[in-house]
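Student: All I have is the shape, not the residue letters:
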């Protein structure tokens, strides 16, 4: 490894000054070990890595359960720093993120008091800059940049390796959950052993139960893995274990099956190497009584005896277990190890499956939702989040797809690469029957997922139902299937029931009914991509039709960029409040065409945007047929009036008005809202939809960009080609609804995006009872009736926004319960979407 001190001498001769090097020199030369670079000297740096770990326990109140290390670069050096706990909220809301630009305004140097020759920079104050750092575009490979280390600390192993800067922790956690392996310490892909095994003296699983609690010398085990669970992290404050992980496996031999537990450091070495179908030769194991509160896979289809009173423990110490992974070519038939069995089910069979039953599925993915997070309930110690996404997959046995709720299964490389047009296999899924709607499948702790590129060598490839599915896919045309694909956007399943029931016992099956003041707390406490569903009671006092997506400075919504607006215009675009006129895409285009920046748009960008506008017009035509007819009539009448007046000045004024406001504001307000608005103590303004709120069609040439947008923010920055060159999602507009709390003290804005097409992912499983397309019936049902079929040649008869708003008068003084989906999309973008509306007559108390 190159000595950093030698790098410093060579870099000193470069004409480009290093801000990081200058800052470290200031920290080392000052007596207080703290510096605040002046604004002129505080050059921006780029964030290239953000890593999380369990923080050290401190006296007094704990600000957070986790600490963060951030690696930044100024284009000359890299340096890993500790993020001060007071800045953790920037990570929680994804304002501090990889690939972005920050300005360090205050930092200090902290020496380790428990280890000689170790110290680090702690960033205490910073300023968030551009979401995409321009500095990174000038760096070919950030991994080749030298690490900046204080002189005299070059030999510190902590500073030179992939471990936390705070020396009490030995490993990093995944940035957004605790189940995924993270860091260089995890071993994968090692070749199995060809060692000659002595299998003459082995014991069978059936004899282990009788040996429990006896003094004995355990004989080796020869078993095959038939089920594998996700990782479990059990770290907590005060626990003196370097790697607090465990993982369950179900293993089998000719006598039956038993649980095996992999503990602590052995998880790093073996978890990713041990797969279903792997044969193990185990020595120096121990036995303990089975943990009764854990989940178990359903294995009745294996038709083998299960020994569930004890479980096999493999420990790194006391005793040190010896695990030998047997090469497949070394496995002999006389060992009589059982074959791995599956229970694949087709979509047509799902309707008749009982709830909570287990099955395996294979399908062609047509929809992949964005990755979201939900806080784990009832866990002691540090807070935990689960990460999950919704997926649709078809198998040819039904015209309906599988609806899959897939949680991360400690396979981050698979989970993050799930996309439309891939073959997906999910094992040990659980059936969830839904009254009045389509059933769906959800993950269990033992679920594993596999996609195209990961099927080779898996035991299920020879299953008859898998072969039948592959034969069916050969009859498909990619161009046809692609028309029915979608990625990302707001998605929540199943829909709330037809009747809202609030149980006295506050059953978890219904969304909690919260006070308006508590809703504010829920919104403020949301973390990045965290999803919550709550209900609030009150009255609807205003509804406004919005044509364009919301634009925020930090959120980076690209709706306006696709309409020939420069980046500078987008960055300065104000966020409309609840009562101001919405800034339409056409208005922003008109403004941008008068600026000099519009002339700098590249030819390729212009071509892409023209294609986007054509696609947008083509889609919106289906829902604006009547509006076009009325617009034509109004224009003809206007031209006649202008001709009669003969006033050029009037024509100029009207022309300017059309450019400034080509689409009249369409809104409805209750008669009492102007007065009540003045009495409201707080109005939670928002109710907008953002880039990540709307699903978009999948395209192979945009695959990497679409995956990047639908996945969570990455721990490490990687260069993405054409990351900004992606057309905006096409959408027909939405409604911004103002809900006044039942006590008329707090109001909140929420977005309502009705389902308008049967091709939308949200239309799958949606109860489609006929209704009159009034504002109230649309909010209750969630869709326009009937749903538009894009494959049909018939002209759409969907109602116009002004027609729907004309019926909103029936909302006047109506007591309602609104079910709201809340999701933090990062930065300033907090999505509040109306899932369903109930009238009080549809609410009951048990």
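Tutor: Received, thanks. Since this is a predicted model, take the numbers as computed values, not measurements.

Student: need the contact list for the residue nearest to residue 824 when sequence neighbours are not counted.
Tutor: Leaving aside its sequence neighbours, residue 824 sits nearest to residue 526 (C-beta to C-beta, 6 or more residues apart in numbering; 4.0 Å). For the C-beta atoms, the positions are set from N, CA and C on the backbone; glycine is no exception. Taking C-beta atoms under 8 Å, 6 or more residues apart in numbering, we find residue 526 in contact with 532, 822, 823, 824, 830.

Student: Going by neighbour count, which residues of stretch 751-769 are buried?
Tutor: 751-767 (16 or more other C-beta atoms under 10 Å).

Student: Show me these that map onto strands.
Tutor: Among the buried residues of stretch 751-769, the members found in strands (DSSP state E) are 751, 752, 755, 756, 757.

Student: these two touch, right, the third one and residue 778?
Tutor: To tie it back to what came earlier, the one meant is residue 755. No: assessed by C-beta atoms under 8 Å, residue 755 is found out of contact with residue 778, at 9.6 Å.

Student: does residue 481 count as helix, strand or coil?
Tutor: At residue 481, secondary structure determined by DSSP: H, G, I helix; E, B strand; the rest coil is helix.

Student: Okay, it and residue 368: tell me how far apart.
Tutor: 14 Å (C-beta to C-beta, to the nearest Å).

Student: Compare these two (neighbour count), which wins?
Tutor: residue 368 (31 against 17; other C-beta atoms under 10 Å).

Student: For the more buried one, give the beta-bridge partners.
Tutor: Under DSSP bridges, the beta-bridge partners of residue 368 are residue 391, residue 487.

Student: How about residue 358?
Tutor: With DSSP bridges as the rule, residue 358 is bridged to residue 430.

Student: That one: how many residues sit nearby?
Tutor: Neighbour tally, residue 358, other C-beta under 10 Å: 21.

Student: so it touches residue 296, yeah?
Tutor: No: using C-beta under 8 Å, residue 358 is not in contact with residue 296; the gap is 10.1 Å.

Student: any residues in contact with both of residue 755 and residue 778?
Tutor: residue 784.

Student: At the geometric centre of this protein, which residue sits there?
Tutor: residue 371 (2.1 Å; C-alpha atoms, centre = their mean).

Student: contacting residues for that one?
Tutor: The contact partners of residue 371, by C-beta under 8 Å, 6+ apart, come to 387, 388, 389, 415, 416, 529, 710, 711, 712.

Student: how close does the fourth one sit to residue 193?
Tutor: Yep, that's residue 415 we're talking about. In terms of C-beta to C-beta, residue 415 sits 30 Å off from residue 193.

Student: Which one of those two is surrounded by more residues?
Tutor: Neighbours per residue, other C-beta under 10 Å: of residue 415 and residue 193, the larger number sits with residue 415, 20 against 14.

Student: Just put the ones in strands among the buried residues of stretch 751-769 in CSV and tack on distance to residue 784 and pLDDT.
Tutor: Putting those into CSV (distance: C-beta to C-beta, whole Å; pLDDT from 0 to 100) gives the following:
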residue, distance to residue 784, pLDDT
751, 16, 97
752, 12, 97
755, 7, 95
756, 5, 93
757, 9, 91
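
Student: Which of the residues you listed sits closest to residue 203?
Tutor: Distance to residue 203 across these (C-beta to C-beta) is lowest for residue 755, with 59.7 Å.

Student: in the sheet, who's paired with that closest one?
Tutor: Residues in beta-bridge contact with residue 755 (DSSP bridges): residue 783.

Student: Would you confirm that residue 277 contacts residue 342?
Tutor: No: in this structure, residue 277 is not within contact of residue 342 by C-beta under 8 Å, at 11.3 Å.
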